[in-house]
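*Asks:* here is my input; please provide its structure:
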Amino acid sequence: MKQIVIEIEDEAYEPFMGMLRLCPAVKVVGTCMVVETRDVIDRCVALAIKKLREDRVFKHPGDYTYIMRGANEGVIKGMGFFYYPSEFLAYLREIGIDKLPGRNTLYDGITRTFGKFPEWTFSDHPSADEVMRRKNVLKRFLSAYTKIKLNVSDAFSDY
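*Replies:* Next up, the predicted model:
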């Protein structure tokens, strides 16, 4: 087994790690801060989604689309980039999220969403209330994610 040490700039880290996920033969090992940070981010994402479920923010199965779009647009710092809905769903399953929509549901959501957050527009021409609700899915996720991340960071700083 060969080990390669790579130093990556912060802004290139997430796209690089996203590409590594596509290659199952590559294993990231080590105890550096970056590896520990990935575990914390994954835990915060899982807890934020669970919080949104408890608060009944998800009204439609396709609402997970807006979290994937937020990650891909860099709105959710540290979450990564997902080339395909199936990759995003696999990530969610990997971090312990179940009862997820099918990949076609997310494909449909992606193909009908245009622009960059928060100026998203939708080809299915929803009402103004529905446009706001869809954008609020990501806003609520960001709020829960940030709050959880701060709590986790505070817990680590106590040691």
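*Asks:* what's the burial count for residue 46?
*Replies:* 16 (other Cβ atoms under 10 Å). Where you see a C-beta, it was placed from the backbone N, CA and C, and this is true even at glycine.
*Asks:* in a helix, that's where it is, yeah?
*Replies:* Yes - under DSSP: H, G, I helix; E, B strand; the rest coil, residue 46 falls within a helix.
*Asks:* roughly how far does it sit from residue 95?
*Replies:* 4 Å (Cβ to Cβ, to the nearest Å).
*Asks:* hmm, residue 64 and residue 134 touching each other?
*Replies:* No - at 11.5 Å, residue 134 does not count as touching residue 64 under the criterion of Cβ atoms under 8 Å.
*Asks:* when these two are compared, which one has more neighbours?
*Replies:* Ranked by neighbour count (other Cβ under 10 Å), residue 134 and residue 64 place residue 64 first, with 24 against 21.
*Asks:* sec struct for the more buried one, please.
*Replies:* Under three-state DSSP, residue 64 comes out as helix.
*Asks:* going forward, the N-terminal residue is numbered 20.
*Replies:* All set: I'll call the first residue 20, so the last point we hit is now residue 83.
*Asks:* residue contacts, it?
*Replies:* Neighbouring residues of residue 83 by Cβ atoms under 8 Å, 6 or more residues apart in numbering: 77, 107-108, 111, 119-120, 124-125, 128.
*Asks:* could you report the neighbour count for the closest residue to residue 101 other than its chain neighbours?
*Replies:* Counting by Cβ to Cβ, 6 or more residues apart in numbering, residue 107 is the residue found nearest to residue 101 once chain neighbours are left out, at 4.0 Å. Neighbours of residue 107 under the rule other Cβ under 10 Å: 25.
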